[in-house]
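Novice: Sequence below, structure please.
(one chain, ligands or ions: 1)
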Amino acid sequence: MTGIQIVGTGRYIPQKIVTNDEISKLTDTNDEWIRTRTGICQRHFSEGETNADLATAAAEKAMKAAGISPDQVGTCIVATFTPDHISPAVATQVHRRLSLPEHTPALDISAGCTGFLYGLTVARGFLLQSERPYALLVGSEVISRVLDFNDRSTCVLFGDGAGAAVLKLSDSHPFTSVLGCKGDDQMLGCTNAPGTERQRIFMNGSEVFRFAVETVPHCIDDTLKKAELSPEDIDFFVCHQANQRIIASVIRKTHLPEHKFYLNVHNYGNTSAASIPIALDEMAEKGLLKPGTRTLCVGFGAGLTWGGAVVEW
Ligand code: UT7
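Specialist: As a prediction, the model looks like this:
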């Protein structure tokens, strides 16, 4: 089966840093609670920058890293639950700003924090019937504008940012993915359409926590089985960065080595669909992703959705 290769990554994080102490001025919380319950020390908030601004900036960096020009892009996908409008999609604005060719489809994916993982499989499908070799896949969120500072159990958790990847089909880079959904609309989501009542995040934190610590180990296992690989074959596990305690629990349950788990939730909070591509771009920048490196990415989120993917570099 034709696989996919990630040939370039990029990220764009808004400049404004909001520390836990600053969040404590907006809601009834404190630095110690946030750090010990989540591992989060700070997050970044957009100051007027739109989702399309973040997504385009990350996509530009990924294209530069890949050394490709707009006329080589055959697919443009943005995974997000905080689009600027219900319609048109953020991806269409990225398409316009990057001057992508007209015969390049552009669409958003709404799969919560699992969006980037759903996006890998969707992008591969589009590439199989594209005339041009590359797909742009972006995870981009401006979650600060849907935070409810009267709800301390959610507003301390999230941050804004975008991560992007340029993909191409490759026979020498096997790609395996496992995707799922429970069909739930009560546990985690974002209420209301833009332009009606104010949008806000809602979450049953302890239930989502339980869902995550049960689902992620199974998802890792299923993905390894489907790829016919053992844990030793994986160089890095890149989990959706929602809570350091969720990742610690996954490590305990799976007995996988801690040093193989990438962690950056302390710097960004939960950036939903952007968290995995931001992590991948940081890893690329640190020189961790060399040719042949195998990463297993795993995510979970609203829907309730989940997904795992083995990506070889
Ligand atoms: O991206 C995918 C979706 N999101 C997640 O993966 C999040 C999953 N859930 C979680 O990470 C955790 O459930 C939370 C971090 C949201 C909450 O942690 P917890 O250890 O499950 O806390 P809790 O909800 O059981 O609350 C414990 C206490 C409560 O006080 P009482 O009832 O024990 O007196 C809360 O009212 O902590 C209180 N609390 C807070 N205190 C200070 C809740 N939020 C805060 C806060 N600051 N921000």
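Novice: Near the ligand, which residues of the stretch 201-313 of the chain? Just list them.
Specialist: Residues of the stretch 201-313 of the chain that fall close to the ligand, judged by C-beta under 6 Å from any ligand atom: 203, 205-206, 208-209, 212, 242-243, 246, 270, 272, 301. Where C-beta positions appear, they are placed from N, C-alpha and C, glycine not excepted.
Novice: Look up the closest residue to residue 244, ignoring the ones flanking it.
Specialist: Distances taken as C-beta to C-beta, 6 or more residues apart in numbering place residue 39 nearest to residue 244, at 2.6 Å, with adjacent residues excluded.
Novice: Quick one: residues contacting residue 291.
Specialist: By C-beta atoms under 8 Å, 6 or more residues apart in numbering, the residues touching residue 291 are residue 313.
Novice: and it, which of the three is it?
Specialist: Assigned with DSSP: H, G, I helix; E, B strand; the rest coil, residue 291 falls in the coil class.
Novice: ok, the closest residue to residue 159 other than its chain neighbours - how many residues close by?
Specialist: The shortest distance from residue 159 to any non-neighbouring residue, by C-beta to C-beta, 6+ apart, is to residue 43 (2.9 Å). Residue 43 has 30 neighbours, counted by other C-beta atoms under 10 Å.
Novice: next one: residue 170
Specialist: 15.
Novice: The one 5 residues further on too?
Specialist: Residue 175 has 21 neighbours, counted by other C-beta under 10 Å.
Novice: The residues of the stretch 201-313 of the chain next to the ligand in strands, which ones?
Specialist: Judged by DSSP state E, these include 203, 301 as members of strands.
Novice: Can you pick out the most distant pair from the residues of the stretch 201-313 of the chain next to the ligand?
Specialist: Spatial extent of these (C-beta to C-beta) is set by the pair 206 and 272 at 19.1 Å.
Novice: More neighbours: which of the two?
Specialist: residue 272 (33 against 9).
Novice: Now that we're looking at the more buried one, what pLDDT does it have?
Specialist: Looking at residue 272, its pLDDT stands at 98.
Novice: I'd like the distance between it and residue 156.
Specialist: Applying C-beta to C-beta, to the nearest Å, the value for residue 272 to residue 156 is 15 Å.
Novice: Then residue 282?
Specialist: In terms of C-beta to C-beta, residue 282 sits 22 Å off from residue 156.
Novice: quick one, which of the two is more surrounded?
Specialist: Taking neighbours as other C-beta under 10 Å, residue 282 and residue 156 compare with residue 156 leading, 26 against 17.
Novice: I'd assumed residue 40 was in contact with that one.
Specialist: Yes - between residue 156 and residue 40 a contact is recorded at 7.1 Å, counting by C-beta atoms under 8 Å.
Novice: shared neighbours, those two?
Specialist: 20, 34, 269.
Novice: Which of these has the largest number of neighbours?
Specialist: Neighbour-wise, the shared contacts of residue 156 and residue 40 (other C-beta under 10 Å) top out at residue 269, 31 neighbours.
Novice: for the closest residue in space to residue 31 that isn't next to it in sequence, what are its contacts?
Specialist: Using C-beta to C-beta, 6+ apart and skipping residues adjacent in sequence, the residue nearest residue 31 is residue 20, 3.9 Å away. Going by C-beta under 8 Å, 6+ apart, residue 20 touches 29-31, 34-35, 40-42, 156.
Novice: Between the two ends of stretch 18-30, how far is it?
Specialist: Using C-alpha to C-alpha, to the nearest Å, the end-to-end distance of stretch 18-30 comes to 13 Å.
Novice: thought residue 141 was touching residue 270?
Specialist: No - using C-beta under 8 Å as the test, residue 141 is too far from residue 270 to be in contact (9.1 Å).
Novice: low-confidence ranges in the stretch 101-250 of the chain?
Specialist: For the stretch 101-250 of the chain, the stretches with pLDDT under 70 are 193-197.
Novice: Enumerate the residues of the stretch 51-200 of the chain near the ligand.
Specialist: 113, 152-153, 156, 188.
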